[in-house]
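**Student:** Okay, sequence plus prediction incoming.
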Amino acid sequence: MSRKGMRGRTARIAGSALTLALLVPAGVIGTAEPAPASTAAPAHFVVLGPTGDGLKQTEDSVRAVGGTVLQSWPQIGVVVATSTDPGFADQVRSQPAVEQAGNTRNLAEQLPPAQSTRLEALEGTVNAAAFAAQADQEPLEPEQWDMRQIKADEAHQISQGSKDVTVGVLDSGIDPTHPDLAPNLDVSKSVGCVNQGIPDTRPEAWQPEDDTSAHGTHVAGTIAAARNGVGVTGVAPGVNLAAVRVVDADGFIYPEYAICGFVWAAEQGIDVTNNSYFVDPWYLWCDSDPDQRAAAEAVRRAVDYANSKDVVTVTSAGNSNWDLSKPIRDTNSPNNGGPTQDRQTGHDCHVLPGELPGVVSVSAVGVDAVKSYYSSYGMGSITVTAPGGDKNQIPDTPSKNGRVLSTVPGGGWGWMQGTSMAGPHAAGVVALLRSAHPEWNGQQVIGALANQADALECPENYDPDGDGKPDAVCTGGKSGAGFYGAGLIDALDAVR
């Protein structure tokens with residue numbers, strides 16, 4: 001997942017490792033105003049109020065203290081605003097119809113720009129022409145140990161998923177020209193959210209920033225690369241994909257981007273979202289801070305709204321090898337500029353969106369079905385596990401590469417590892433479940449995903465670096481729940 005879903009930091013997007021004619025689509029209610037005339041850099045805020053028409057009074061309160069309304073989400077009672085006054089949040093909190101307010105970027109916009117390094121990196125590419133397709137296989141399928149591990153190859157003999165099911169990929173964008181993805185990409189449900197959290201349906205708004213922005217395209221291929229005689233196959237090659245770009249050009253996912261993505265998915269009837277990231281700039285958002293509490297509550301409302309519309313939200317657990325069930329020392333927040341803090345976070349601090357109620361949190365394993373050395377974990381913090389790759393667990397494949405092979409921009413294929421790669425495997429299985437059981441609601445689907453998972457026991461000695469010291473402690477014994485939740489996802493059980 002990126003560190004993002006977790007508390008990691010090595011991978012911001014949790015896998016291995018995007019402005020301004022704005023279009024507000026039907027079904028999404030928004031209010032846009034011109035930016036204030038000022039030489040000061042405006043900072044971004046969320047202001048929380050009542051849902052429905054009552055949010056108009058919240059907008060009036062924003063304007064009353066000199067703020068500018070960028071986007072209103074009456075569905076969840078959230079206004080996205082800017083102000084050149086660093087004290088805006090303190091002022092607006094005392095206004096009518098304002099429940100909470102907070103800055104979303106730690107006011108770092110008034111400092112020299114930073115650039116995120118948290119996305120998983122591409123670990124090499126492959127020449128598909130060097131592989132000859134076998135009967136009933138894609139040319140690069142022999143390299144896909146991950147699909148065989150979860151029995152996706154067997155599942156495809158029964159079902160490849162339904163075109164009535166759409167998976168929203170909240171990420172860095174999807175290459176719409178990729179031959180493995182173009183057949184399944186629904187451009188009508190694709191959107192960009194990185195222009196201050198305002199929905200923008202222009203193709204350039206939801207496509208990757210450039211060919212180096214491989215993360216979203218790689219994730220999309222794992223979910224639903226087509227079975228078409230080209231490249232690789234996805235877990236659910238018969239379902240649709242929607243590109244929901246929430247990663248900006250600097251690699252950040254701010255709260256207003258994620259909020260836009262979750263509400264968009266809910267309004268567009270998307271069935272599943274994959275979220276291989278964590279929300280910036282705080283690795284953990286703490287309720288003891290009023291700014292962080294407001295932004296976290298805004299994201300929570302957006303996820304709850306998606307859940308209420310029967311969207312299944314899949315998240316990645318993170319790449320920091322953290323025990324998410326225990327307090328964590330955070331020395332790297334905020335990550336977008338300015339001095340970082342050294343803070344011991346407690347149970348009032350949470351990774352967004354990976355630790356929100358109702359989401360599917362996914363840890364990563366390698367080919368040996370053992371926790372990947374980087375994957376975060378924790379009793380009660382993991383729903384299921386899935387292949388995320390591990391360079392130290394070597395598969396019996398032509399390349400002997402233990403990472404995950406999938407699509408990359410420009411029509412190619414490449415390897416990545418991370419919980420960002422594990423999450424989309426689970427999202428693909430959820431898509432197969434929703435295809436096989438269209439009458440099931442989201443909670444029934446999540447229950448089946450967990451019930452059908454294959455339990456993995458805790459390793460006796462978890463020491464992947466071989467230094468004689470445990471690198472993580474798995475609780476749960478034979479259940480393996482501390483590392484793996486309910487266990488390894490099973491695509492075959494999902495379709496039969």
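**Tutor:** On my side now, so go ahead.
**Student:** can you pull the contacts of V62?
**Tutor:** Shown in contact with V62 (Cβ atoms under 8 Å, 6 or more residues apart in numbering): V47, T68, V69, V79, A81, V92, Q95. The way it works is simple: take the backbone N, C-alpha and C, and place the C-beta from them, glycine included.
**Student:** So the first one belongs to a strand, correct?
**Tutor:** Looking back up the chat, that one is V47. Yes: assigned with DSSP: H, G, I helix; E, B strand; the rest coil, V47 falls within a strand.
**Student:** Widest-spaced pair of the contacts of V62?
**Tutor:** T68 and Q95 (14.9 Å; Cβ to Cβ).
**Student:** Low-confidence ranges, the chain, go.
**Tutor:** 1-40, 109-119, 128-133, 135 (pLDDT under 70).
**Student:** Spatially central residue in it, please.
**Tutor:** N275 (1.5 Å; Cα atoms, centre = their mean).
**Student:** Y377 versus that residue, what's the distance?
**Tutor:** 18 Å (Cβ to Cβ, to the nearest Å).
**Student:** just to revisit the earlier point, report the separation between the residue nearest to the centre of the chain and T58.
**Tutor:** Going from N275 to T58 by Cβ to Cβ gives 27 Å.
**Student:** With A386 instead?
**Tutor:** Distance from A386 to T58, by Cβ to Cβ: 40 Å.
**Student:** In terms of neighbours, single out the busier of the two.
**Tutor:** More crowded of A386 and T58, by other Cβ atoms under 10 Å: A386, with 30 against 26.
**Student:** Name whatever forms a beta bridge with that one.
**Tutor:** When bridges are called by DSSP bridges, A386 pairs up with A364.
**Student:** That one against A364, yeah?
**Tutor:** Yes: here A386 reaches A364: they are 6.8 Å apart, a contact under Cβ atoms under 8 Å.
**Student:** which residues are in contact with both of those two?
**Tutor:** Common neighbours of A386 and A364 (Cβ under 8 Å, 6+ apart) are A422.
**Student:** quick one: buried residues of stretch 449-468?
**Tutor:** For stretch 449-468, a neighbour-count test (16 or more other Cβ atoms under 10 Å) marks L449, Q452, A453, D454, L456, C458, P459, Y462, P464 as buried.
**Student:** among these, which are in helices?
**Tutor:** L449, Q452 (DSSP state H).
**Student:** Which residue ranges of the stretch 1-150 of the chain form strands?
**Tutor:** For the stretch 1-150 of the chain, the strands defined by DSSP state E, counting those that start in this stretch occupy 43-48, 68-73, 78-83, 100-103, 125-126.
**Student:** want to throw these into CSV with distance to I198 and mean neighbour count?
**Tutor:** Converted to CSV, these look like this (distance: least, Cβ to Cβ, whole Å; neighbours: other Cβ atoms under 10 Å):
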stretch, distance to I198, mean neighbour count
strand 43-48, 12, 25
strand 68-73, 5, 23
strand 78-83, 8, 26
strand 100-103, 18, 25
strand 125-126, 35, 18
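**Student:** Can you lay out those as CSV showing distance to S316?
**Tutor:** CSV is the format used below for the strands of the stretch 1-150 of the chain (distance: least, Cβ to Cβ, whole Å):
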stretch, distance to S316
strand 43-48, 24
strand 68-73, 25
strand 78-83, 24
strand 100-103, 25
strand 125-126, 23
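**Student:** which stretch among these comes nearest G161?
**Tutor:** strand 125-126 (24.8 Å).
**Student:** so how far is that closest one off the chain centroid?
**Tutor:** 24 Å (Cα atoms, centre = their mean, to the nearest Å).
**Student:** wait, V430 sits on T315?
**Tutor:** No: V430 lies out of contact with T315 (Cβ under 8 Å); the separation is 12.0 Å.
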